[in-house]
Every structure is written in structure tokens, then in C-alpha cells.
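Participant: Fold the following for me, if possible:
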Amino acid sequence: MEYLLQVKLGALVGLLLLTLLFGFIPARVRWFQDTHGSETHRTVLSLISCFAGGVFLAACLLDIIPDYLTDMSAELAARQVQTSFPIPEFIMAVGFFTVLILERLVLHCQERSAARGEREPLLHAQGHGHGHAEAVDPELESRGHHAHVDLQAHSPFRSFMLFLSLSLHSVFEGLAIGLQNTESQVLQICIAILVHKSIIVFSLSVKLVQSGLRPGWLAAYLAVFALASPLGIGVGIGVMEAHLSSGALVQAVLEGLAAGTFVYITFMEILPHELNSPGRQLLKVFFLLLGFCIMAGLSFVD
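Facilitator: Predicted structure coming up:
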């Protein structure tokens, strides 16, 4: 047990350091933050964003949702709950509509605030002042100074929900490591999570950079996300050491809410944003498929 604990602590440190390394590449490298470069530079940034969209799509369909449905079904079976009502799917829907309602409330408040300030003449001239998708300066759009058309697609609120859902899922991934009782299982799961999370945190960092977060907030987001899996490992170790078995149903419900959140972010924000932006449509689809296939291949190997 002593050696097993050392392996788990090593996995905790490894996940923390590797996540920080890959997360801070887009956050610290100026190349990823420059949206006023050449046409080639903006195209590469757009393709990287499409690749990230494919990664998130695969994470949603092949990782987060299957894990949640498996855990929830196991808990319902263990508690002998038999009903024709789709409880797991309903919990996901609750997570989906929670994010939808919160976002609409935020946008409603922004619209009312903008309506009160429309008497200011400079606000109309700025073009981007209201934050609406249709308020795009034609000159800026024609010059390509902004890589995308939808100005709400990378809003700080959506970026926060993306970060929150991925962080919650990372806690559960770490929990899976902490609850293992053999060294080989710990190493196998840890290697798989290391590979997956390196790609996901890089993609998340790209999205956070595109949302225009301040450097301090961006660093805080990445630090918290990096700590999510180690936190899960720590909780799992504590449960194993204390021989506790309760709380599995609460974990499954939280997984379902996180899955519903991630479904909203993937299908209402990431994919429409990338596919609706003009230019190089086939190449964007290719990079979207590339990101999906890489994650699918890693899931198949696992």
C-alpha cells in the first residue's frame, strides 16, 4: 500500500506539471494572441481553433457522456431503481438548460444596459460596442482583423462554462486514479489521462485566449484546471484510506450536470462558431475531423 500511495502521488504531480506546461503555451506565446497578423497567420489560428473543436467534440461524445452514463446506470442498478423515465438523460438536460438560462439572462442584462446607453454617439460608431453577433464592422471584417464573425461565440461567460465543465470532469478523472487499488491500474489510467488532458488543456487555452480574458484571469483558469485532476486523486486517496463508499450517487449526478454543460458548449458554441466563420470551409472540416480522429484513436488504444 505504501508503494501504491507513492505511485498515486507521482501521478498527481505529473498531471499537475504537464497540464500547466501545455496550458500555458497558448497563454504565454504571443503568436497565439495576435489577431492582427498576416492572412496566413489568421488562417493557421482558425485551423488550430477548428482542431480544438474536434477535440472537444470527441471529448463530449466519446469520453464525458459515456463515462457519465456508465456511472449513473451502475448507481441506479445498485440502488435497484427501475423506471421507464430516462433519469440519466434528464440530468444531462438539466445541466444543458441551466447553462442556456444563465447565458440568456446575462445577454438580456447586457442588452438592457446597451439600450440605456444608445444615446451616446460613439457607441454606434464603434460597431462592436453592443456585443451582438450582427454588429460587425464591415471594414474590419473585410480586412480580416477578427478571425470570426460571431462576436458572442467566445464570450467570457461561455469560456467560463467550458472551463467549469472540463474542470469538473477532470476532478472525476483524478478520482478514478485515486480509487484504484493496484499500481498497474494507476499507471494505465494515468498515462491515458495525461495524453488526453495535454491535448484538451492546449485546446482550452486556445479558446480562453480567443475570448479575450485578462492575463491574470487566464492564468487563474489554467491553474485551477491543472489542480482539478490532482484534487480528484487526493479525494480518491482519502476515500480509499478512510474506506468510505458513500457519495457515488452525488458524483454521478454532478457528472451528469457537467456532461449537459459540455453538450451545450460543444454544440451551441464551439461547432457553430468554427463552421459559420467564412473562408476555407473544407480545410476547417478537415482539421475538425483531425482533432476528433486523434481523440478517437486515443480512446480506441485505451
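Participant: which residues of this structure fall in helices?
Facilitator: 2-28, 30-33, 39-58, 65-78, 87-116, 121-126, 138-143, 156-178, 183-210, 215-242, 248-265, 271-276, 281-301 (DSSP state H).
Participant: And stretch 218-237, what's buried?
Facilitator: 218-219, 221-222, 225-237 (16 or more other C-beta atoms under 10 Å). Backbone N, C-alpha and C define where each C-beta goes, glycine included.
Participant: now swap in stretch 12-20 and tell me
Facilitator: Neighbour-count burial for stretch 12-20 [16+ other C-beta under 10 Å]: 12, 14-16, 18-20.
Participant: Residue 43: neighbour count?
Facilitator: Residue 43 has 17 neighbouring residues, counting by other C-beta atoms under 10 Å.
Participant: quick one: it and residue 279, what's the gap?
Facilitator: In this structure, residue 43 and residue 279 are 7 Å apart, going by C-beta to C-beta, to the nearest Å.
Participant: cool, residue 109 as well?
Facilitator: Taken as C-beta to C-beta, the span from residue 109 to residue 279 is 33 Å.
Participant: again, but for residue 201
Facilitator: Taken as C-beta to C-beta, the span from residue 201 to residue 279 is 28 Å.
Participant: The two: who's more crowded?
Facilitator: residue 201 (24 against 12).
Participant: Against residue 253, how distant is the residue lying closest to that one once chain neighbours are set aside?
Facilitator: Excluding the flanking residues, the one nearest residue 201 by C-beta to C-beta, 6 or more residues apart in numbering is residue 23, at 4.3 Å. From residue 23 over to residue 253 the distance is 28 Å, taken as C-beta to C-beta.
Participant: the more surrounded of these two?
Facilitator: It is residue 23, of residue 23 and residue 253, that has more neighbours when counted by other C-beta under 10 Å, with 27 against 19.
Participant: Would you check that that one makes contact with residue 226?
Facilitator: Yes. The pair residue 23 / residue 226 is scored as a contact, 6.3 Å apart, by C-beta atoms under 8 Å.
Participant: where does the residue nearest to residue 16 when sequence neighbours are not counted land on pLDDT?
Facilitator: Of all residues not flanking residue 16 in the chain, residue 230 sits nearest, at 5.0 Å (C-beta to C-beta, 6+ apart). Note on residue 230: pLDDT of 86.
Participant: Hmm, residue 14 and residue 230 touching each other?
Facilitator: No. Counting by C-beta under 8 Å, residue 230 does not reach residue 14; the two are 9.4 Å apart.
Participant: May I see the buried residues of stretch 184-196?
Facilitator: 186, 189-190, 192-196.
Participant: Could you do stretch 59-70 as well?
Facilitator: Buried, per 16+ other C-beta under 10 Å, within stretch 59-70: 59-65, 67-69.
Participant: Quick check: the farthest pair among those?
Facilitator: The two members of the buried residues of stretch 59-70 with the most space between them (C-beta to C-beta) are 59 and 69, at 14.7 Å.
Participant: mind putting the buried residues of stretch 184-196 in TSV, distance to residue 208 and pLDDT included?
Facilitator: What follows is the buried residues of stretch 184-196, written out as TSV (distance: C-beta to C-beta, whole Å; pLDDT from 0 to 100):
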residue	distance to residue 208	pLDDT
186	30	74
189	27	69
190	25	76
192	24	70
193	21	74
194	21	77
195	21	73
196	18	71
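Participant: which of those residues lies closest to residue 262?
Facilitator: residue 196 (14.1 Å).
Participant: Under the pLDDT cut-off, which ranges of the stretch 151-300 of the chain? List them.
Facilitator: Applying pLDDT under 70 to the stretch 151-300 of the chain flags the ranges 151-155, 176, 179-181, 185, 188-189, 239-247.
Participant: now do 90
Facilitator: 151-219, 226, 228-281, 284, 291, 294-300 (pLDDT under 90).
Participant: same check, this time on the stretch 1-150 of the chain
Facilitator: 1-68, 71, 74-76, 78-84, 95-96, 98-150.
Participant: how near is residue 74 to residue 252?
Facilitator: From residue 74 to residue 252 the distance is 8 Å (C-beta to C-beta).
Participant: more crowded one of the two?
Facilitator: A direct count of neighbours by other C-beta under 10 Å for residue 74 and residue 252 places residue 252 higher, at 22 against 12.
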